[in-house]
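Engineer: how would this look folded up:
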Amino acid sequence: MHVSMNRIDNKYIEAICYFDSKYRFISGDERYFAMMGEVVECGLDKLVHRDDWDGFKDYLEREEYDEPYISRIMIGTECYRYFLFYRIKETRQDFRNKEAVKYNFLVRDVVAFSDNFTMCFNNMRKYRHFLSCVEVKYFDYNLDNGWISIYTYESGHAQNIYKEPLDDWQKRIIDNKLVEKDGLDDFIKFCDFLRKGDVNFNVSFNTSMFSDDGKTSDLYSFRGGLFTDGLSLNMVIGMAILSDGVQAEGIASVDAGLDPFTGLLNKKVIREVIEQELNEYEKSQDKSEKYLCIIDIDDFKSVNDTYGHRFGDEVILALANGLKETFETYGLIGRVGGDEFLCFLSGFASVIDFRTHMTDMREKLKKKMAERMPGYSFSVSIGVATYPQNGATYEELFRIADGCLYIAKEKGKDRYIIYKEELHSAYLNTSEGRNSGRVVADFMKPIEKNQMASSMIVKIAKDGWSCVQSVLDDLMDRLNIHGISITFADDEHEDIILGHYSEQRADIDFLGNKKYMKTFDEYGINKVDNTASLGYEFEDLYNSMKEYDLCSTLQIKLMKKRKCVGVASFDIFGEHRRKWSNEDVSVIYMVCKAVESVL
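Structural biologist: Purely as a prediction, here's the structure:
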């Protein structure tokens, strides 16, 4: 047995995994499967090095979730690596035997994490030198110990102005009359924002706390918000910007470089910084892939029309904060339009890691906005270009990411599209692609579709029901399907709805219409290239489809013990009807049969 301390190709830094009370493996995210390889289904008692097992069992019995535990973990035959284990309270995946979960872990590869830390540290040094170029005051407040720090940067190093418990600092500022009377309420409000860990705030008041003589008062704007990783990092961070116009031009450029509503970089500045990073790429030792992402809120106009502009502002701010919480440590985030955002990100372990972050960000925001406004279904469409594969300049990357955003919108919204030349170049390079609104559906060759179907079938056979939704998501993306719904006849299985239907989708009762079910062929397939053709014989079903703007559908019966237990519908929205090719029908049918096998 040996412990590997080497860097590994396509390294994965962290993953989520679940085990039962007898230490048996239940499930994990995609990163865990990629990280563990051939030993992915081993239980904890097999994975943990035998010399570490007694200590690890003691760790499992602790009630506290705060402290991580380090242990040697098997990643291949007779090969171990050091992993950090973090106990997490919530089960972040949906799978059938969720109730069996006893141990939830976030695991981190120590060596890969160290390599990533080195890269982040070098980036941090670079950004500190950027911060030294302007005389902004920065602050952070530690929610765990109650200390506030206020500092500036000089020659890449922080110079503390204040560092003490917030209660003591607040009392000292008030007792020494360093805030003018008319700004005292706003100062107290600022301190309360810090204590509560407010997500986003901007408050201004006149203060002499930064003057050399302690008497000259200037108007400062304190802007900040919560910064957390959900584990050990819980801080409020921000900056104090001189607002009275007397400061040097450098300050004005920073102030002007921020979007005033969200605090993110504005359109001009984020482009300039991205172009600078692209120019420095060849000199940099960091050769990891970088992703230029354009994010757009779906149907934002209808949000304002239905719920009012104030709630629309909440949606914009929620997305801005969600992007910051998820991606701030990975690169640049800016607001480039009313409901459009731009990110330039790097430092992910792999494209799978990047996809996982994208999915987590979207799901958290969906849940948050649903709680805030029941009935509102939040979603975003995202187009992604990869540097340096997809282009060498900002213009090239932006064009491709913008094209992928358009494809995401055309395919039903509520998704991200990462540019793949073999899938998307035919669409982006045609004059029809962006101008006519027509989606070119047949990106893939028949042999490629069969290979894709085979890999999906293998995944379902291996992972079972827990992976069905992610497989269907991928199928929807690869075959340019706008929406997928699976309706079951009983309560044993929960219905699946993927894509962006025109309104909250209710069940269309295909199963209850015996006459309609007879239109399925001997293989359980019903191919409808034009839903209007159903209007004469099945008027009620057609009207229901029309409500969701369905123009074409392909339906497959799901059978169990020779009985139809559900119908899977693969839907196309809008006016551009889909003539289902034999290859598409064959691929979708094979995947449905795999889904059927795990019911």
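
Engineer: where's residue 587, which helix or strand?
Structural biologist: helix 582-597 (DSSP states H and E).

Engineer: which elements pack onto that helix?
Structural biologist: Helix 582-597 is packed against helix 446-463, helix 468-478, strand 525-528, strand 550-560, strand 563-573, with contacts defined by 3 or more C-beta pairs under 8 Å, 6 or more residues apart in numbering; DSSP states H and E. Where you see a C-beta, it was placed from the backbone N, CA and C, and this is true even at glycine.

Engineer: mean pLDDT lowest for which of these?
Structural biologist: Sorting those by mean pLDDT places helix 446-463 lowest, at a mean of 82.

Engineer: for that one, buried residues please.
Structural biologist: Neighbour counts over helix 446-463 (16 or more other C-beta atoms under 10 Å) mark 449, 452-453, 456-457, 459-460, 463 as buried.

Engineer: how far off centre is that helix?
Structural biologist: Offset of helix 446-463 from its chain centre (C-alpha atoms, centre = their mean, to the nearest Å): 25 Å.

Engineer: kindly report the same for stretch 263-271.
Structural biologist: With C-alpha atoms, centre = their mean, you get 21 Å for stretch 263-271.

Engineer: check contacts around the spatially most central residue of the chain.
Structural biologist: Residue closest to the average C-alpha location in the chain (C-alpha atoms, centre = their mean): residue 358, at 2.3 Å. Shown in contact with residue 358 (C-beta atoms under 8 Å, 6 or more residues apart in numbering): 382, 416.

Engineer: relative orientation of the strand or helix carrying it and helix 468-478 in degrees?
Structural biologist: Using DSSP H and E, residue 358 sits in helix 351-372. Going by axes from the mean of the first three to the mean of the last three C-alpha atoms, to 10 degrees, helix 351-372 is angled at 110 degrees with respect to helix 468-478.

Engineer: buried sites along helix 351-372?
Structural biologist: For helix 351-372, the neighbour count (16+ other C-beta under 10 Å) marks 352-356, 358, 361-362, 365-366, 369 as buried.

Engineer: from those, which is closest to residue 162?
Structural biologist: Proximity of those to residue 162 (C-beta to C-beta) peaks at residue 361, which lies at 34.0 Å.

Engineer: distance of that closest one from residue 263?
Structural biologist: 18 Å (C-beta to C-beta, to the nearest Å).

Engineer: check residue 106 too.
Structural biologist: On the measure of C-beta to C-beta, residue 106 and residue 263 end up 28 Å apart.

Engineer: next one: residue 456
Structural biologist: Distance from residue 456 to residue 263, by C-beta to C-beta: 42 Å.

Engineer: kindly state the domain boundaries assigned to the chain.
Structural biologist: Domain assignment for the chain by automatic domain parsing gives 2-113, 136-247, 267-435, 446-597.

Engineer: among those, which is nearest residue 257?
Structural biologist: Smallest distance to residue 257 across those (C-beta to C-beta): 3.8 Å, for domain 267-435.

Engineer: for the record, mean pLDDT for the closest one?
Structural biologist: 86.

Engineer: how far out from the middle of the chain is it?
Structural biologist: 10 Å.

Engineer: what's the answer for stretch 455-472, then?
Structural biologist: 21 Å.

Engineer: can you get me the start-to-end distance on it?
Structural biologist: With C-alpha to C-alpha, to the nearest Å as the measure, stretch 455-472 spans 12 Å from end to end.

Engineer: what of stretch 140-157?
Structural biologist: 15 Å.

Engineer: still on that earlier bit, okay, residue 106 and residue 263: which has more neighbours?
Structural biologist: residue 263 (21 against 17; other C-beta atoms under 10 Å).

Engineer: assign the more buried one to helix, strand or coil.
Structural biologist: Put simply, residue 263 is coil when judged by DSSP: H, G, I helix; E, B strand; the rest coil.

Engineer: so it is in contact with residue 199, correct?
Structural biologist: No: under the criterion of C-beta atoms under 8 Å, residue 263 makes no contact with residue 199, lying 10.8 Å away.

Engineer: what touches both of these two?
Structural biologist: Both residue 263 and residue 199 are in contact with residue 225, where contact means C-beta under 8 Å, 6+ apart.

Engineer: residue contacts, the residue nearest to residue 240 when sequence neighbours are not counted?
Structural biologist: Leaving aside its chain neighbours, residue 240 sits nearest to residue 137 (4.1 Å; criterion: C-beta to C-beta, 6 or more residues apart in numbering). Contact analysis of residue 137 by C-beta under 8 Å, 6+ apart lists 150-152, 161, 210, 220, 239-241.

Engineer: and residue 190, by the same measure?
Structural biologist: With contact set as C-beta under 8 Å, 6+ apart, residue 190 has these partners: 201, 203, 205, 222.

Engineer: that's a strand at it, yeah?
Structural biologist: No: under the criterion used here (three-state DSSP), residue 190 is helix, not part of a strand.

Engineer: measure it to residue 146 for me?
Structural biologist: Distance of residue 190 to residue 146, computed by C-beta to C-beta: 15 Å.

Engineer: same question for residue 561.
Structural biologist: 62 Å.

Engineer: how about the helices in the stretch 301-450 of the chain?
Structural biologist: If DSSP state H, counting those that start in this stretch is used as the criterion, the helices of the stretch 301-450 of the chain fall at 309-327, 351-372, 394-410, 421-428, 431-435, 446-463.

Engineer: quick one on the thing from earlier: taking helix 309-327 as reference, get the angle to the helix holding residue 358.
Structural biologist: Going by the same axes, to 10 degrees, helix 351-372 makes 150 degrees with helix 309-327.

Engineer: now do the phi/psi pair for the closest residue to residue 59 other than its chain neighbours.
Structural biologist: Distance criterion C-beta to C-beta, 6+ apart; nearest residue to residue 59, sequence neighbours excluded, is residue 69 at 4.3 Å. Here is the backbone geometry of residue 69 (degrees, to the nearest 10): phi -130, psi 140.

Engineer: and residue 69, how far from residue 86?
Structural biologist: From residue 69 to residue 86 the distance is 8 Å (C-beta to C-beta).

Engineer: distance of the nearest residue to residue 147 once chain neighbours are set aside from residue 317?
Structural biologist: Counting by C-beta to C-beta, 6+ apart, residue 147 lies nearest to residue 165, which is 5.6 Å off, once chain neighbours are set aside. Remark: distance between residue 165 and residue 317 (C-beta to C-beta) = 30 Å.

Engineer: give me the number of residues near residue 70?
Structural biologist: So residue 70, with other C-beta under 10 Å, has 15 neighbours.

Engineer: what do you get for the one 5 residues further on?
Structural biologist: Burial of residue 75 is recorded as 19 neighbouring residues (other C-beta under 10 Å).
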